[in-house]
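S.K.: Coordinates for the following, if possible.
(2 chains)
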Amino acid sequence: MLNEKQLTSLTETARQMRGDIIQMLAASKSGHPGGSLSAVELLAYLYFYKMKLDPKNPKLPERDRFVLSKGHAAPVLYAALVERGFFDKSHLTSLRQLNSILQGHPDLKKTPGVDASTGSLGQGLSISNGLALAGRLDQNPYHVYVLMGDGEIEEGQVWEAAMTSVHYKLDNLTAFLDYNHLQIDGAIEEVKSMTNPGARFAAFGWEVLEINGHDFNELDQAITTASQIKGKPTIIIMNTVKGKGISFMENQAGWHGTAPKPEEAAQALQELGLA
Amino acid sequence: MSQKIATREAYGTALVKLGETNPQIVVLDADLSKSTKTATFAKKFPERFFQMGIAEADMMATAGGLALGGKIPFASTFAIFATGRAYEQVRNTIGYPGLNVKIAATHAGITVGEDGGSHQSIEDIALMRAIPGMTVLNPADAVETEKLIIAAAKHQGPVYIRLGRENVPIIFADDYQPEIGKAVKLRDGKAATIFATGIMVEKALQAADELNTQGTTVRVINIHTIKPLDTATVIKAAWETGAIVTVEEHSIIGGLASAVAETVVQNHPVPMEFVGIKDRFGQSGTPADLLTEYGLTTKNIITAVQKAIGRKA
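M.R.: Prediction:
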């Protein structure tokens, strides 16, 4: 259980991260707010509480790894990294612009702290399996965390990789599913009737936990439980709200890949108490 | 020239040597380890061999992850799957971040034979060459294969190595030392230059020797590294011999023909002829019959050289 102080601190970090996301997207005039906002609590928890890392030494060999398989949610990763001090806040307004260190999708060659280049959906779990296998070979105790989108698991490669994680008993890897129920063209269930993702992963041999992905205590509990499960990988299905925290973005598929206009950004920041 | 060994066989041998000297070498295969010859490594170093099952896309991205973890992965399957099925994984997860993955693809080209056109990759060089930063190697015999595999492991960054199924004659002596990015002159001559790659090098040599007996001297250059291409050697040949023929067991679209032509037309245009697959899929047949059907014989090379010389101004 997180204590009151930790909870308050993480809640404040999440609020700042949401502000960063809005400011980044408003400046770039393009990008993906919905799926960035739904993953804020997870990244705040990982980068400010759970993961072993050093912003001054982003390539620290024994650092824990985070792979943003749903790479279009890059703004949430950049928000976590900037708040954690991996790079200066002045970069935020350069998102998606020529020669920026903040590419439209995560690029490990350009952004300090990015552990894997991602963006083409369905590949992050495979990359994470490779990282987990390398860590095991080296007896390096780092843990690999990977976040997938719910629409993303329509990609066949996810299931190839899901078999690999189980075959190699990768208990040094924890996956998360951002189950916000929306993808670009609409509701997940309408685009491709993908019901009960947890049961699907369980059928592949994964340990499956299900939580409210916006609740820090539930995140803490599930991630702690996952770390104690040996001999198989764990996936934490996070029930989330797309666009979480900004009233007019919540549960709207239209905010998957549309940046807020200046007046919308102003309203969003006001709602966050950051205006 | 009596001994014949498949380049995939030499790959398997090289992998074991690498495994003995470098603990960072790991190998992945997609249920073809007996055919790609990674099985020997698997037996010797089971903890460093990853059987990925029939899942090439997953294999390539997993290799990327292993490279991120500091390993030097060799990922093997047939060329058609390595470059076709898993193209986008190779492009985005290996090429784009410039990861240190070696893709050693066997059963390339039409000499796969009886399995037919679905399994004969004729465009793998084109696909891999188009990826920024990808090194593309195509060894000519077992000796060159072994040396280039060792060199590829030392090279930092993604490498594609094209290997064949068929036994092919040994061309090079044991002390031969190829260098990535450096073309190798095997015959000198004045009338034309043949640029050959992979298993076609041996046929190019035969063609040159036969032309020599007829009084036409032809330079033969082995292009084991298609990318980065040894452009200085190509330009020099254009200046000095004034006619060029490219020879490859691959489509002339995007392969060696394209690579050499891109350099020649920008620097010193001379007549060029292409021996290669002319915008056709392969089919079932014996490797020898297929080479004849697709115009990849010594005789085809001689005709192309004569044609190129005839077009000189």
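S.K.: Any idea how far the longest helix that chain A contains is from the middle of the chain?
M.R.: Scanning chain A for the longest helix, with DSSP state H as the assignment, gives helix A:4-28. Chain-centre distance of helix A:4-28: 14 Å, with CA atoms, centre = their mean, to the nearest Å.
S.K.: quick one, strands of the chain?
M.R.: Since no chain was named, I'll use chain A. In chain A, the strands defined using DSSP state E lie at A:65-68, A:144-149, A:173-179, A:182-183, A:186-187, A:207-212, A:234-239.
S.K.: Chain B is the one I meant
M.R.: B:4-6, B:25-29, B:49-51, B:72-78, B:102-106, B:135-137, B:159-162, B:167-169, B:184-187, B:192-196, B:218-222, B:225-227, B:244-251, B:272-277.
S.K.: what lines up beside the third one in the sheet?
M.R.: Strand B:49-51 has the following strand partners under DSSP bridges: strand B:25-29 (parallel).
S.K.: List phi and psi for the closest residue to B:Ala126 other than its chain neighbours.
M.R.: In this structure, B:Ala126 finds its nearest non-sequential neighbour in B:Gly254, 2.5 Å apart by CB to CB, 6 or more residues apart in numbering or on different chains. Every C-beta, even on glycine, is put in place using the N, C-alpha and C of the backbone. Main-chain dihedrals, B:Gly254, degrees, to the nearest 10: phi 90, psi -10.
S.K.: Identify the residues contacting B:Gly254.
M.R.: Each residue near B:Gly254 by CB atoms under 8 Å, 6 or more residues apart in numbering or on different chains is listed here: B:123, B:125-127, B:129-130.
S.K.: Then B:Gly295?
M.R.: By CB under 8 Å, 6+ apart, the neighbours of B:Gly295 are B:275, B:278.
S.K.: For it, give its distance to chain A.
M.R.: 38 Å (CB to the nearest CB, to the nearest Å).
S.K.: how near is that residue to B:Phe274?
M.R.: 10 Å (CB to CB, to the nearest Å).
S.K.: try A:Gln139
M.R.: 53 Å.
S.K.: So for those two, which sits in the more crowded spot?
M.R.: Neighbour totals were compared for A:Gln139 and B:Phe274, and B:Phe274 leads with 23 against 6 (other CB atoms under 10 Å in any protein chain shown).
S.K.: For the more buried one, which residues are in contact?
M.R.: Contacts of B:Phe274 (CB under 8 Å, 6+ apart): B:245-246, B:252, B:257, B:304.
S.K.: and whatever residue of the stretch 101-250 of chain B ends up closest to chain A, what pLDDT?
M.R.: Of all residues in the stretch 101-250 of chain B, the one sitting closest to chain A is B:Val101 (9.5 Å; CB to the nearest CB). Predicted confidence (pLDDT) at B:Val101: the value is 98.
S.K.: what's the neighbour count on it?
M.R.: 30.
S.K.: How about A:Trp159?
M.R.: 18.
S.K.: any chance of the strands of chain A in TSV, plus distance to chain B?
M.R.: Formatted as TSV, the strands of chain A follow (distance: least, CB to the nearest CB, whole Å):
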stretch	distance to chain B
strand A:65-68	8
strand A:144-149	8
strand A:173-179	10
strand A:182-183	19
strand A:186-187	25
strand A:207-212	20
strand A:234-239	16
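S.K.: In contact with the residue nearest to A:Gly151 when sequence neighbours are not counted: list those residues for me.
M.R.: Leaving aside its chain neighbours, A:Gly151 sits nearest to A:Gln183 (3.2 Å; criterion: CB to CB, 6+ apart). With contacts taken as CB under 8 Å, 6+ apart, A:Gln183 has the following neighbours: A:149-151, A:191, A:253, A:256.
S.K.: and the residues you listed as JSON lines, adding pLDDT and neighbour count?
M.R.: Listed next are these as JSON lines, based on pLDDT from 0 to 100; neighbours: other CB atoms under 10 Å in any protein chain shown:
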{"residue": "A:Gly149", "pLDDT": "97", "neighbour count": "30"}
{"residue": "A:Asp150", "pLDDT": "96", "neighbour count": "24"}
{"residue": "A:Gly151", "pLDDT": "95", "neighbour count": "22"}
{"residue": "A:Val191", "pLDDT": "92", "neighbour count": "15"}
{"residue": "A:Ala253", "pLDDT": "88", "neighbour count": "20"}
{"residue": "A:His256", "pLDDT": "91", "neighbour count": "21"}
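S.K.: Sort out for me which of these are in helices.
M.R.: A:Val191.
S.K.: what does chain A put close to chain B?
M.R.: Residues of chain A lying near chain B by CB under 8 Å from any CB of the partner chain: A:61, A:65, A:107-109, A:115-117, A:119-120, A:123, A:126-135, A:137-138, A:140, A:156-157, A:160-161, A:163-164, A:167-168.
S.K.: Tell me how far B:Thr297 lies from chain A.
M.R.: Counting by CB to the nearest CB, the gap from B:Thr297 to chain A is 41 Å.
S.K.: same deal with B:Gln24?
M.R.: Taking CB to the nearest CB, one finds B:Gln24 at 9 Å from chain A.
S.K.: wouldn't that residue be in contact with B:Lys71 here?
M.R.: Yes. The pair B:Gln24 and B:Lys71 passes the contact test of CB atoms under 8 Å, sitting 5.5 Å apart.
S.K.: Of the two, give the one with the bigger neighbour count.
M.R.: Applying other CB under 10 Å to B:Gln24 and B:Lys71 shows that B:Lys71 carries more neighbours, namely 23 against 18.
S.K.: what's the pLDDT at the more buried one?
M.R.: 98.
S.K.: doesn't A:Ala132 make contact with it?
M.R.: No. The pair B:Lys71 and A:Ala132 does not pass the contact test of CB under 8 Å, sitting 11.9 Å apart.
S.K.: so what's B:Ile194 up against?
M.R.: Contacts of B:Ile194 by CB under 8 Å, 6+ apart are B:204, B:207-208, B:218-221, B:244-247, B:301, B:305.
S.K.: do that again at 10 Å, thanks
M.R.: B:Ile194 makes contact with B:186-187, B:200-201, B:203-205, B:207-208, B:211, B:218-222, B:237, B:241, B:243-247, B:273, B:275, B:301-302, B:304-305, B:308 under the criterion CB atoms under 10 Å, 6 or more residues apart in numbering or on different chains.
S.K.: before we move on, what about B:Leu137?
M.R.: So B:Leu137 contacts B:102, B:104, B:125, B:128, B:144-145, B:148-149, B:151-152, B:155, B:159-163, B:178, B:180-181, B:197-198, B:223-227 (CB under 10 Å, 6+ apart).
S.K.: Which residues does it form beta bridges with?
M.R.: B:Ile161, B:Thr225.
S.K.: what do B:Gln24 and B:Lys71 both touch?
M.R.: With CB under 10 Å, 6+ apart, B:Gln24 and B:Lys71 have common neighbours A:134, A:137-138, B:48, B:100.
S.K.: who wins for neighbours among these?
M.R.: Going by other CB under 10 Å, A:Ala134 tops the shared contacts of B:Gln24 and B:Lys71 with 24 neighbours.
S.K.: any chance you could map the helices in the chain?
M.R.: Using chain A here. Along chain A, the segments classed as helices by DSSP H run A:4-28, A:34-37, A:40-45, A:74-84, A:124-137, A:156-167, A:188-191, A:197-203, A:216-228, A:262-271.
S.K.: That was the other one, I meant chain B.
M.R.: B:7-21, B:33-36, B:39-44, B:56-68, B:79-80, B:87-89, B:124-129, B:142-154, B:201-213, B:231-241, B:256-267, B:287-293, B:298-310.
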